[in-house]
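Q: Here you go, sequence then predicted model.
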Amino acid sequence: MDMHESVHEILQRKESFADVFYLVFLEDYPQVRQHFTHVNFKHQSVLLTMALLVMERHYTHSYPSTELYLNYLGTKHDERGIPPQQYPMFREALLRTLERFHGQAWDNPLATQWREAIDSAIETMIKGYRKHYHV
C-alpha cells in the first residue's frame, strides 16, 4: 500500500477515520482540548478527512493550490491561537491513528511517506502564520 491507496481507503470507508483520530488526539494530549471547545466535531471530521487528501496531493505533486490551501489552514490555526509547537503532537496522533486504521497493511514505507507528508504540510501551514515560526 502506498499513500495514495491509504487516502483512497480512508475516503471509501463509511466509518470516520477522523472520529478515531480526535479520540486519540484529545485523550493522549489533553493540553490541546482547549482549542476544541465549541468545535462541531462532525464538521471538523470532514475537514480533517479532506486535509488528508490535500496532504497526500501536496506531498506527491506539490500543486500550487495545495500549498495555498495549507497556508490558509495555517492562517486559520494562527487565528485560533494554536501554537506551532503543538503540531508534533498532531503528527504523532495522526500516525498512530493511521496505523490503527490500516492494521496489517501499515508498514515502514507507508509510515515514512505519511510522516514526510505531514511534516511537509506542517511546514507549509506555518508559512501561513502571521509570525513565521520554525518547528
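A: Perfect, I can see it now. Quantities reported herein were computed from a predicted structural model and do not represent experimental measurements.

Q: quick one: Leu23 from Ala105, how far?
A: 21 Å (Cβ to Cβ, to the nearest Å). C-beta coordinates here come from the backbone N, C-alpha and C atoms, glycine included.

Q: Then Glu79?
A: Using Cβ to Cβ, Glu79 is found at 37 Å from Ala105.

Q: nearest residue to Phe17 other than its sequence neighbours?
A: Leaving aside its chain neighbours, Phe17 sits nearest to Ile10 (4.7 Å; criterion: Cβ to Cβ, 6 or more residues apart in numbering).

Q: Neighbours of the one you found, how many?
A: Residues contacting Ile10 under the criterion other Cβ atoms under 10 Å number 20.

Q: who touches it in this structure?
A: Ile10 sits next to 17, 49, 52, 101 when contact means Cβ atoms under 8 Å, 6 or more residues apart in numbering.

Q: So which of those residues is the closest to Ser65?
A: Closest approach between these and Ser65, by Cβ to Cβ: Leu52, at 15.9 Å.

Q: quick one: that closest one and His4 touch, right?
A: No: the pair Leu52 / His4 is not scored as a contact, 11.3 Å apart, by Cβ atoms under 8 Å.
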